[in-house]
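K.L.:
Sequence below, structure please.
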Amino acid sequence: MNGSPYYEATVSEPKLKACPFCGGEASLFQAGNEGDEDTLVVCATTDCRCSPYAEKEIKKRPSAEIAWNRRAPVLTPERREALEEALPLLDYYASSCPPGFSATAVRITEAYAKAAATLRAWLEEEVG
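P.N.:
Model (predicted):
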């Protein structure tokens, strides 16, 4: 250590993902006395407003890496297109149960209708 209470740790697996705000490189820092360090993962980009503040201190390095790497799913244009292409198929199956079919077939048809409605609403929300 260089006299500073913070020092950059050597990053090992798992690899840290880029900053979710600016896409910059992430750095892992450990602070404290050896063997009793707190771990922080921060964006290394100086003008990024990403903050390392956490409500609950993360003492262990693997937990900090896992927390930093956690992301909400990203809806890429390719994934959006695939989901939009699935809607007509869901609609088809949702309307494919003629009268007189078993209760199980009706429930399956209702499940397809619900899945289509949920997916449609989610896709509309993602656009907004």
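
K.L.:
where do the helices sit along the chain?
P.N.:
In the chain, the segments counted as helices under DSSP state H are 61-69, 77-94, 103-127.

K.L.:
buried set for the longest one?
P.N.:
Buried positions in helix 103-127, judged by neighbour count with 16 or more other C-beta atoms under 10 Å: Ile108, Thr109, Tyr112, Ala113, Ala116. For glycine as for every other residue, the C-beta is placed from the backbone atoms N, C-alpha and C.

K.L.:
helices or strands next to that helix in the packing?
P.N.:
Here helix 103-127 touches helix 77-94, going by 3 or more C-beta pairs under 8 Å, 6 or more residues apart in numbering; DSSP states H and E.

K.L.:
got the angle for the helix it packs on vs helix 103-127?
P.N.:
Per axes from the mean of the first three to the mean of the last three C-alpha atoms, to 10 degrees, the angle that helix 77-94 makes with helix 103-127 is 150 degrees.

K.L.:
Where does pLDDT dip in this structure?
P.N.:
Along the chain, the parts satisfying pLDDT under 70 run over 1-14, 35-36, 51-61, 72-74, 126-128.
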